[in-house]
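# Provided below are the primary sequence and the corresponding predicted coordinates.
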Amino acid sequence: MKQELRQTLKLVQQQVTEATEGYEWDEQAEFFGELADWAYGRHEILSAPPEMEVQDYEEEYNV
């Protein structure tokens, strides 16, 4: 990871930590769970090669 992105990650981590301070533990847990889901989704999208064809399941299976 490039140094600029590493610094951005540290900044985001600090901001999120500060933004969630003072909330109940269950609210923080829910927040971080949703954040993790979002991050995982972004990772999955970006892990696929750009030239990879996206399959249209709705059309194929008449959903």
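Ah, there it is. Here the structure is a predicted model, which is why all the values come from computation and not from measurement.

# mind listing the helices in the protein by residue range?
3-20, 25-47, 57-61 (DSSP state H).

# Now render the ones you listed as CSV, adding mean pLDDT and mean neighbour count.
In short, each C-beta sits where N, CA and C put it, glycine included. As requested, these are exported to CSV (pLDDT from 0 to 100; neighbours: other Cβ atoms under 10 Å):
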stretch, mean pLDDT, mean neighbour count
helix 3-20, 97, 10
helix 25-47, 95, 10
helix 57-61, 58, 8
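
# how many neighbours does residue 1 have?
7 (other Cβ atoms under 10 Å).

# Which residue is the nearest non-sequential neighbour of it?
residue 9 (7.7 Å; Cβ to Cβ, 6 or more residues apart in numbering).

# Centre-most residue in this protein?
By Cα atoms, centre = their mean, the chain has its centre lying nearest to residue 39, at 1.2 Å.

# which ones are touching that one?
Contacts of residue 39 were listed using Cβ atoms under 8 Å, 6 or more residues apart in numbering, and none were found.

# for residue 31, same thing?
Counted by Cβ under 8 Å, 6+ apart, residue 31 has contacts 20, 23.

# Okay, residue 15 and residue 4: tell me how far apart.
Applying Cβ to Cβ, to the nearest Å, the value for residue 15 to residue 4 is 16 Å.

# and if you look at residue 18?
21 Å.

# same check, this time on residue 34
26 Å.

# got it, and residue 33?
If you go by Cβ to Cβ, the gap between residue 33 and residue 4 works out to 28 Å.

# what do you get for residue 31?
Taken as Cβ to Cβ, the span from residue 31 to residue 4 is 26 Å.

# Residue 48 now?
24 Å.

# Residue 50 now?
21 Å.

# Check residue 51 too.
26 Å.

# what does residue 47 give?
Taken as Cβ to Cβ, the span from residue 47 to residue 4 is 21 Å.

# What of residue 43?
19 Å.

# again with residue 45
Residue 45 is 21 Å from residue 4, by Cβ to Cβ.

# Repeat that for residue 37.
With Cβ to Cβ as the criterion, residue 37 and residue 4 are 26 Å apart.

# which ones are touching the closest residue to residue 27 other than its chain neighbours?
Leaving out its chain neighbours, the residue that sits closest to residue 27 by Cβ to Cβ, 6+ apart is residue 20, at 7.9 Å. For residue 20, the contact set (Cβ under 8 Å, 6+ apart) comprises 27, 28, 31, 32.
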